[in-house]
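>>> quick one, structure for this:
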Amino acid sequence: MALFLLLQNASFTFVSRARNSASYALHAAAAVCSNGVFFMTQFVTFGVMMELLKTGTLVQKLGVGAFYTVFTVAGSVAMHWFAKRYEKGKMRVGATSIQLVCFKLSRRCSFLPLRRGLSQR
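From the prediction side, this is the model:
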C-alpha cells in the first residue's frame with residue numbers, strides 16, 4: 001500500500017509540473033500516469049479504508065491517517081526533487097514556446113537583454 005501512496009502523489013506532482021511546462025506530450029503522458037495510478041490505488045485502498053471506518057479504533061484510524069500522510073508527502077517531495085534536477089527545455093516548469101524562441105535567439109545574439117534572465121531559470 002505504501003508503494004501505491006508514493007506513486008499516487010509522485011504522479012500527481014508530475015502532472016502538476018507538466019501542466020506548467022510548454023510540452024503537451026509531457027502533460028498527456030503525465031496525466032495518463034497520474035489517473036492510472038489513482039485508479040489502481042482506489043482498488044487497493046478503498047476496501048481497507050471502509051473496513052477501518054466500520055470496525056477500527058480511533059488509534060487505528062489515526063495510525064492509518066499518519067501512514068497515508070507520510071507516504072503521500074514523501075512521494076510528492078521525491079518527485080519534485082527528481083523533476084527539478086532533470087527538467088530541461090520545453091519540459092521545464094514555466095517554459096513557454098515564446099520563451100524558448102527568445103532563449104535560443106539570445107544564445108546566438110548575446111547582445112539581447114533576454115539572455116541573462118532566461119538562462120537563470
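
>>> element containing Leu6, please.
Assigned by DSSP states H and E, Leu6 belongs to helix 2-19.

>>> extract the CA atoms of that helix and return them as CSV.
C-alpha atoms of helix 2-19 as CSV (Å, rounded to 0.1, in the frame of the first residue of the first chain):
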residue,chain,number,x,y,z
ALA,A,2,2.9,2.4,0.8
LEU,A,3,4.2,2.0,-2.8
PHE,A,4,0.8,3.0,-4.2
LEU,A,5,0.6,6.0,-2.0
LEU,A,6,4.2,7.1,-3.0
LEU,A,7,3.3,6.6,-6.7
GLN,A,8,0.0,8.4,-6.4
ASN,A,9,1.4,11.6,-5.1
ALA,A,10,4.6,11.4,-7.3
SER,A,11,2.4,11.1,-10.4
PHE,A,12,0.2,13.9,-9.2
THR,A,13,3.2,16.2,-8.7
PHE,A,14,4.5,15.0,-12.1
VAL,A,15,1.2,16.1,-13.8
SER,A,16,1.1,19.4,-11.9
ARG,A,17,4.6,20.3,-13.1
ALA,A,18,3.9,19.0,-16.7
ARG,A,19,0.8,21.2,-16.9
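
>>> residue ranges of the helices in this structure, please?
Secondary structure of the chain by DSSP state H: the helices cover 2-19, 24-55, 58-86, 97-108, 114-119.

>>> least reliable of these by average pLDDT, please.
Lowest mean pLDDT within the helices of the chain: helix 114-119, at a mean of 49.

>>> dump the helices of the chain to TSV, plus mean neighbour count.
For every residue, glycine as well, the C-beta is placed using N, CA and C. TSV is the format used below for the helices of the chain (neighbours: other C-beta atoms under 10 Å):
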stretch	mean neighbour count
helix 2-19	20
helix 24-55	14
helix 58-86	14
helix 97-108	13
helix 114-119	14
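
>>> pLDDT score for Lys90?
61.

>>> list the contacts for Met79?
Residues near Met79 by C-beta atoms under 8 Å, 6 or more residues apart in numbering: Asn9, Ala10, Ser11, Thr13, Phe14, Arg17.

>>> what does Lys61 give?
Counting by C-beta under 8 Å, 6+ apart, Lys61 makes contact with Leu52, Leu53.
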